[in-house]
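> show me how the following folds:
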Amino acid sequence: MSLLDRYHLLVHDVAAAFGYDYNDVTPDWVHPFIHLILVLAPALLITVGSYLAIRGILKLWKYRSTPAIHPEPIRGLEGSLFSTVLRYSRRQQALMIVVSLIAMPILYLTLELPKQIVNNALDSDRFPIVVLGRDLDQVVFLILLCGLYLLAIILNGLNKYGLNVFKGYVAERFLRRFRLLVYRQWRSDPDSGNQSEIVPILAQEVEPIGGFAADVLTLPILQGGTLLTILFFMFVQDPVLGAAALTVLPIQLVLLPKLQRRVNALSRTRIKEVRQLGRQLSDQLRQRQVNSAGLLPVSASFRELEHVRRKIFRLKFFIKALNNFLTALTPFLFYSLGGYFVIEGRITLGALVAVLAAHKDFSAPLKELFSYYQTLEDTRIRYQEITTFFTGSIQRSGKARADDHKP
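Predicted structure coming up:
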């Protein structure tokens, strides 16, 4: 048996495991879809997932085994942003996790009820039916299911509203505490040479850190749980269509993080350039310099900031466009392959409609998770820049005090 024959036999076995009778009677155009959805895409997803998991474990091991570069602690701040957030909002994080988990069964109801409305209330001849001991005709049963769907939507909206309000409270409270810690650290070293940089730090650089404090655990749990709930619902309707929802995910996992790392590098450059501009303006204020010699470096900083920000915008918009394009490819598989399944009676029309509606919601948490990754990296960079700034101030202050005590 040749290698190609073994591969085709593997595809048949995988299709049989997913409950699909894949044979010579199947139309030719279905064959490449089955190969892509059930073999090629899962193999690529497993490879990419294994690579990312191994790389993450190695990075964590390297981080834990590397001694601290700056042994002197910053008062009130931990070495990592995650530890600092948990230190000051542990109980609030636990409460937000519980509220996030409550949203999962409500979400499943909002996905299941439209399918029941189409299959059992609209496209059915089994009326009247008995519900809780009462006979219901088609119209009454339709109103009942629609009422349950409306109730599920209301509960889902109230859950999201309450969670978002509480997240705002946690974010603002952490931001106030974080600003106070930064301010106290700045006050403790009045002789630092970088005093002019404290204004952009307190006004701009700490803002994303405060906002991220409310999302550090809640967002991946809520959006990841939403993603898994929707994926589980798709697999319940049809395993092949559920696997089709993951077809473009490996490409997204490979391309988008690499592009985001370039954005993060540009963000770090922008932060350093803003601080450099602040030092130049502070020097001019102290020296009362108004001639052209002071204008040239400031103009150069303005040009550099514009250049960096244009690069950031181009990359961010390209990432967004690429993600939207890849996400839009999956409905093509649903309409073509799912429509064929409806024609041959493998799934019902209500199940296909429910899968299409679920995938529309499937892309939103996926985008949120990619956005979370982007925000995580950006916030981590900002936190490192702030701690590095104050650690440098501590070291300069300690060196100055040591020089003062020399005979």
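> alpha carbons only for contacts and neighbour counts from here, please
Will do.
> show me where pLDDT drops low in the protein?
Along the chain, the model assigns pLDDT under 70 to residues 1, 23, 63-74, 123-124, 189-197, 288-294, 390-407.
> helix/strand/coil for Q260?
Assigned with DSSP: H, G, I helix; E, B strand; the rest coil, Q260 falls in the helix class.
> burial of it, as a residue count?
22 (other CA atoms under 10 Å).
> I'd like to know how far it sits from Y372.
Counting by CA to CA, to the nearest Å, the gap from Q260 to Y372 is 11 Å.
> distance-wise, check Q287 relative to L281.
From Q287 to L281 the distance is 10 Å (CA to CA).
> likewise for A265?
Taking CA to CA, one finds A265 at 25 Å from L281.
> for P297, same thing?
10 Å.
> of those two, who's got more company?
More crowded of P297 and L281, by other CA under 10 Å: L281, with 18 against 15.
> quick check: buried residues in the helix or strand encompassing the more buried one?
Using DSSP states H and E, L281 maps to helix 249-287. If you call a residue buried by 16 or more other CA atoms under 10 Å, then helix 249-287 has these buried ones: 249-250, 252, 256, 260, 263-264, 266-267, 270-271, 273-282.
> in terms of secondary structure, what does the helix ranked longest in the chain contact?
Within the chain, and with DSSP state H defining each element, the longest helix by residue count is helix 349-404. For helix 349-404, the packing partners by 3 or more CA pairs under 8 Å, 6 or more residues apart in numbering; DSSP states H and E come out as helix 81-116, helix 207-213, helix 218-237, helix 249-287, helix 292-333, helix 339-343.
> figure out which of the ones you listed is closest to N164.
N164 lies closest, by CA to CA, to one member of the helices and strands packed on helix 349-404: helix 81-116, at 9.4 Å.
> my guess is T247 is in a helix, correct?
No: under three-state DSSP, T247 sits outside any helix and is assigned coil.
> pull the number of nearby residues for it.
T247 has 24 neighbours, counted by other CA under 10 Å.
> apart from its neighbours in sequence, what residue is nearest it?
For T247, ignoring the flanking residues on the chain, the nearest one in space by CA to CA, 6 or more residues apart in numbering is A41 at 5.3 Å.
> I'd say the one you found and Q252 touch.
No: with contact defined as CA atoms under 8 Å, A41 and Q252 do not form a contacting pair (11.9 Å).
> tell me which element R346 falls in.
Per DSSP H and E, there is no helix or strand for R346.
> for K62, same thing?
Following DSSP H and E, one finds K62 within helix 41-65.
> in that helix, what's buried?
41-42, 44-45, 48.
> can you list contacts of that helix?
With contact meaning CA atoms under 8 Å, 6 or more residues apart in numbering, helix 41-65 is reached by 246-250, 253-254.
> now, which of those sits nearest L366?
L249 (9.3 Å).
> any idea how far A203 is from that closest one?
Counting by CA to CA, the gap from L249 to A203 is 38 Å.
> cool, A41 as well?
Taking CA to CA, one finds A41 at 46 Å from A203.
> check P128 too.
Counting by CA to CA, the gap from P128 to A203 is 66 Å.
> which of those two has more residues huddled nearby?
Using other CA under 10 Å as the criterion, P128 and A203 rank with P128 on top: 14 against 10.
> which secondary structure elements does the helix holding L281 contact?
helix 41-65, helix 292-333, helix 349-404.
> any idea of the angle that helix forms with helix 41-65?
40 degrees (axes from the mean of the first three to the mean of the last three CA atoms, to 10 degrees).
> quick one, phi/psi of D135?
phi -80, psi 130 (degrees, to the nearest 10).
> how many other residues sit next to the closest residue to it other than its chain neighbours?
Spatial nearest neighbour of D135, excluding adjacent residues (CA to CA, 6+ apart): I129 at 5.5 Å. Neighbour count for I129, taken as other CA under 10 Å: 14.
> cool, K360 as well?
K360 has 14 nearby residues by other CA under 10 Å.
> any idea how far L158 is from I221?
Relative to I221, and taking CA to CA, L158 is found at 18 Å.
> next: D5.
Using CA to CA, D5 is found at 43 Å from I221.
> check R177 too.
Per CA to CA, R177 is found 25 Å from I221.
> of these two, who's got more company?
Neighbours were counted for R177 and for I221 using other CA under 10 Å; I221 has more, 18 against 14.
> hmm, the more buried one is touching M96, no?
No: shown here, I221 and M96 do not form a contact pair, counting by CA under 8 Å, at 9.7 Å.
> how about L101, nearest residue that isn't a chain neighbour?
L222 (6.9 Å).
> my read: that neighbour touches V98, true?
No: L222 lies out of contact with V98 (CA under 8 Å); the separation is 9.8 Å.
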